[in-house]
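*Asks:* A structural model of the following input is requested.
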Amino acid sequence: MDEYYKNTLTGNILTFIDYYLKCYVNGGFFKEEFIFNWQNNRNINRDFLQQNIIDFKKYLYDLTLNPNEINYCSIYDLYQKSENKNNYVSAFRIIGNIKNDLKYYKNLIFPKCSYFTQYDFDILPNWQAEININ
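*Replies:* Numbering: from 1, shown residues only. This next block holds a predicted model:
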């Protein structure tokens, strides 16, 4: 994150937009309080993390109380269903672009910026060769 946004409300919002987009893609999230507390101990024990993660699909079901209203499938769900799960890798990210065009008003700085999402979906060479043959 650019220095303009560190330790600011805007920076916090952008960080959590990125975080929740990744949660949506991957199918689970941690409560914000857990995230802030986790920074103090950085416990990466899988059991500890699993106890605190919230399944996004279950969360949506609990909100609507009608499973028929939910049409959600995470990348993880798709991956588990895939017969080719060991043949590709994927990555998602939010990219910020800040131009050197700053506007000032009193003690506020307004950088000219934009954000966009990018993703990679890379097929591993062995599977690509199989696809090319067929």
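
*Asks:* tell me, which helix in this structure spans the most residues?
*Replies:* In the chain, taking DSSP state H as the definition, the longest helix is helix 9-26.

*Asks:* contact partners of it?
*Replies:* If you take CB atoms under 8 Å, 6 or more residues apart in numbering as the criterion, helix 9-26 is touched by 1, 5, 29, 32, 35, 56, 74-76, 92-94, 96, 115, 117. C-beta here means a position set from N, CA and C on the backbone, and glycine is covered the same way.

*Asks:* Could I have the PyMOL command that selects the buried members from those residues?
*Replies:* Buried members of the contacts of helix 9-26 can be picked out in PyMOL with the line below, counting by 16 or more other CB atoms under 10 Å:
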select buried, resi 5+29+56+74+75+92
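
*Asks:* Lowest-confidence one in the contacts of helix 9-26?
*Replies:* pLDDT across the contacts of helix 9-26 is lowest for residue 1, at 63.
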